[in-house]
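**Q** what's the 3D shape of this:
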Amino acid sequence: MTHYDAIVIGSGQAGTPLSKKLAAAGFKTALIEKRWLGGTCVNDGCSPSKTMIASAKAAWSAEHNKSLGVEPGAITIDFKTILGRKNKVVNTMRSNLEKGIGETKNLDLIEGTAIFTDKKEITVTLNDGGSAVLTADLFFLNTGETPAIPDIEGIKDIDYHTSTTILDIEEIPEHLLILGSGYIGLEFGQMFRRFGSNVTILEPSGRILKKEDEDIAEEITKILAEEGIQIETGSKAIAFAKQSGQITARIEKEGKTTSLNCSHVLVATGRKPQTDNLGLNVAGVEIDEKGYVKVNDKLETSAAGIFALGDMKGGPAFTHISYDDYRIVASNVIDKKAASITDRIVPYCMFIDPQLGRVGITEQEAKEQGIEIKVAAIKNDSVARAIETGDERGMMKAIVDAKSGKILGASVLAEQGGEIATLLQVAMMGGLTYEQIRDAAFAHPTYAESLNNLFMTLDE
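**A** Residues are numbered from 1 along each chain as shown. Okay, here's the model as predicted:
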């Protein structure tokens, strides 16, 4: 049995920097990882998918450039090279993490699967054989989420893909059927469509992206439809079967059943926390009905000295939120401060093209909360930069407090939507009013300058 001051389970975007920070502060620390350093983001999330999406954007741009007077000639998709570049990016990032952990004094990396066997004790089944019993004064859990697979007849009989496995697919699907129209479904759907796949997306609800405002969702639907992506709302797969080298899906829509043949299926119906096999009940850590760890505003669990960070605690499942969880916990544990997740501004970006940058609350959320608001909105066909670059798709929208004039949220569906939304986030952090943005002198012609025009709509 080996005792540590601190044990971190999971090397995601919170666990890795936290383990290094604890070790540097003098805590004898162990980092437990059953697979690869970096968690989902580095290995089968943000980094690999956005690398491949960049290739898909290049393919679309080559065709789009014809409207700008540039004839690129025939376009060839070299999928092997695309995958090779993706793997190189992932391996480089993973290697950098391994180097950083290896060079950190006072930090042991233990490769294996951990389970609590007492209040402050874990048993690690080591990847290279055997096991180790470890104890610690403090535990930090960062085990993340994994794709959730719906219970559909025949789904176990087909070689379906998840957001993890589809990153290593060796061929471009002839016809990709996607279950779910969330960020994963839409990003992969557009990417493979641009690589040449036929793409069908099934969404059980009446529209895609229920958490976004309806006008934003409609605009995204129109953009994807223009690229030839078939989105079937009010539809769900009820059965699958293999047939003559193809996959046949039975689809239910408005009480009627139809069949669809496809070559590949991507399950993108949601994710679930990896908490089932941690022995959390032994440690006295409470979870909710969905399996997420319950935490307070300082990310402390129901068990003293045990913290939960990142996706496994529920709430916004974003890399940058996981990293911010690390900052909060490190500040409190090491520097003895009282940092909290209360009132944290949560930005995010969906990397379809054009990007959807989001921050704060939506119009529908403001109405649900009974907040008196003003709504500023413009289409990108009135944005000078969009017109000049030949990409007028999308729109910009901001939610403003009617009394104070402060910005409460924004949705920016544009070429650089994530960057523009970040500008508005900074304005929110600084307590600026929409009038200050409206009257600011931004460089011309930039996308940022369109914020003048956006907020001028509130004067009409």
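
**Q** Leaving out chain neighbours, which residue sits closest to the residue nearest the centre of the chain?
**A** For the chain, the residue whose C-alpha lies nearest the mean C-alpha position (CA atoms, centre = their mean) is residue 318; its distance is 5.0 Å. If the residues on either side of it in the chain are set aside, residue 318 comes closest to residue 348, at 5.3 Å by CB to CB, 6 or more residues apart in numbering. (Each C-beta comes from the backbone N, C-alpha and C, glycine too.)

**Q** Who does the helix or strand where the one you found lies pair with, and is each partner parallel or antiparallel?
**A** For residue 348, the element it lies in under DSSP states H and E is strand 347-350. Based on DSSP bridges, the strands next to strand 347-350 in the sheet, each with its direction, are strand 355-360 (antiparallel).

**Q** In PDB, list the C-alpha atoms belonging to the following helix or strand past the strand it pairs with.
**A** With elements assigned by DSSP H and E, the helix or strand that comes after strand 355-360 is helix 363-368. The C-alpha atoms that make up helix 363-368 are tabulated as PDB, following Å, rounded to 0.1, in the frame of the first residue of the first chain:
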ATOM      1  CA  GLU A 363     -33.700  34.700 -26.200                       C
ATOM      2  CA  GLN A 364     -35.800  31.700 -25.300                       C
ATOM      3  CA  GLU A 365     -34.000  31.300 -21.900                       C
ATOM      4  CA  ALA A 366     -34.500  35.000 -21.100                       C
ATOM      5  CA  LYS A 367     -38.200  34.700 -21.800                       C
ATOM      6  CA  GLU A 368     -38.400  31.600 -19.600                       C
END
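
**Q** what's helix 363-368 in contact with?
**A** By CB atoms under 8 Å, 6 or more residues apart in numbering, the list of residues contacting helix 363-368 from outside reads 213-214, 373, 375, 397, 399, 408-409.

**Q** Put together JSON lines for those, with neighbour count, distance to residue 271 and pLDDT on each row.
**A** Shown next, in JSON lines, are these (neighbours: other CB atoms under 10 Å; distance: CB to CB, whole Å; pLDDT from 0 to 100):
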{"residue": "213", "neighbour count": "21", "distance to residue 271": "24", "pLDDT": "98"}
{"residue": "214", "neighbour count": "14", "distance to residue 271": "25", "pLDDT": "97"}
{"residue": "373", "neighbour count": "18", "distance to residue 271": "32", "pLDDT": "98"}
{"residue": "375", "neighbour count": "15", "distance to residue 271": "32", "pLDDT": "98"}
{"residue": "397", "neighbour count": "22", "distance to residue 271": "27", "pLDDT": "98"}
{"residue": "399", "neighbour count": "25", "distance to residue 271": "28", "pLDDT": "98"}
{"residue": "408", "neighbour count": "23", "distance to residue 271": "28", "pLDDT": "98"}
{"residue": "409", "neighbour count": "24", "distance to residue 271": "24", "pLDDT": "98"}
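
**Q** Quickly check these for the two that are furthest apart.
**A** For the contacts of helix 363-368, the farthest-apart pair by CB to CB is 214 and 408; their separation is 17.8 Å.

**Q** which non-adjacent residue is nearest residue 421?
**A** residue 357 (2.9 Å).

**Q** Tell me if I'm right that the one you found and residue 395 touch.
**A** No - using CB atoms under 8 Å, residue 357 makes no contact with residue 395, being 11.8 Å away.
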